[in-house]
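1. after the sequence you'll find the predicted model.
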Amino acid sequence: MTTAAEVLDIARARGVMIATAESCTGGLIAGRLTDTPGSSDAFERGFVTYSNLAKIEMLGIRPETLEAHGAVSEPIAAEMAAGALARSKAGIAVSVTGVAGPGGTEHKPEGRVCFGIASAFGIHTETVDFGALGRAQVRAATVDHALELLAERLRA
């Protein structure tokens, strides 16, 4: 498992600042990164966009994308990551949107999280079904996976 300190070290070595756009984690990814002393030289900013309105206003998510796909979708994760990149001085942005639980639906079950990574190399999205682990465990797994994605993209 990649630690926040490792992600920050890779970003520093590449001369890249990081931004986050978080929904279901409510700022936990930014929190994990900034728990590391000296993170200010590699972490630029975080957007906590829990509501759809916040996603629209802060990240520029298109209402028509929300209507067509819903908030928990790869198209929204892509727009969130792209919006965070465009609205910051960062060189890479990670986004997360999902159903931490409890609850969910047949089409969007508890534990489903969509991730986005945006950088100069484009946008990558993926969906992970962590399962109904419980709210805290889904959010923790989401933070860990987001750090892995950041490290992978920074190393590319």
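-> That came through fine.
2. check the protein for its longest helix and report it.
-> In the chain, assigned by DSSP state H, the helix with the most residues is helix 135-155.
3. which strands and helices lie in contact with that one?
-> helix 4-14, helix 28-34, strand 92-98, strand 112-119, strand 122-129 (3 or more Cβ pairs under 8 Å, 6 or more residues apart in numbering; DSSP states H and E). Backbone N, C-alpha and C define where each C-beta goes, glycine included.
4. and the contacts of the third one?
-> Counting contacts by Cβ atoms under 8 Å, 6 or more residues apart in numbering, the residues outside strand 92-98 that touch it are 11, 16-25, 29, 71-73, 76-78, 80-82, 84-85, 111-119, 138, 142, 146, 149-150, 153-154.
5. hmm, 6 Å instead?
-> Here strand 92-98 makes contact (Cβ atoms under 6 Å, 6 or more residues apart in numbering) with 16, 18-25, 71-72, 76-77, 80-81, 84-85, 112-119, 142, 146, 150.
6. and if you look at the second one?
-> Contacts with helix 28-34, where a contact means Cβ under 6 Å, 6+ apart, come from 4, 20, 22, 39, 43, 46, 139, 143, 146.
7. and what of the last one?
-> The list of residues contacting strand 122-129 from outside it, by Cβ under 6 Å, 6+ apart, reads 74, 77-78, 81-82, 111-117, 145.
8. any chance of these in TSV, plus distance to N52 and pLDDT?
-> Putting these into TSV (distance: Cβ to Cβ, whole Å; pLDDT from 0 to 100) gives the following:
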residue	distance to N52	pLDDT
E74	16	98
A77	14	98
A78	16	98
A81	17	98
A82	17	98
G111	21	97
R112	17	98
V113	17	98
C114	14	98
F115	18	98
G116	16	98
I117	22	98
H145	23	98
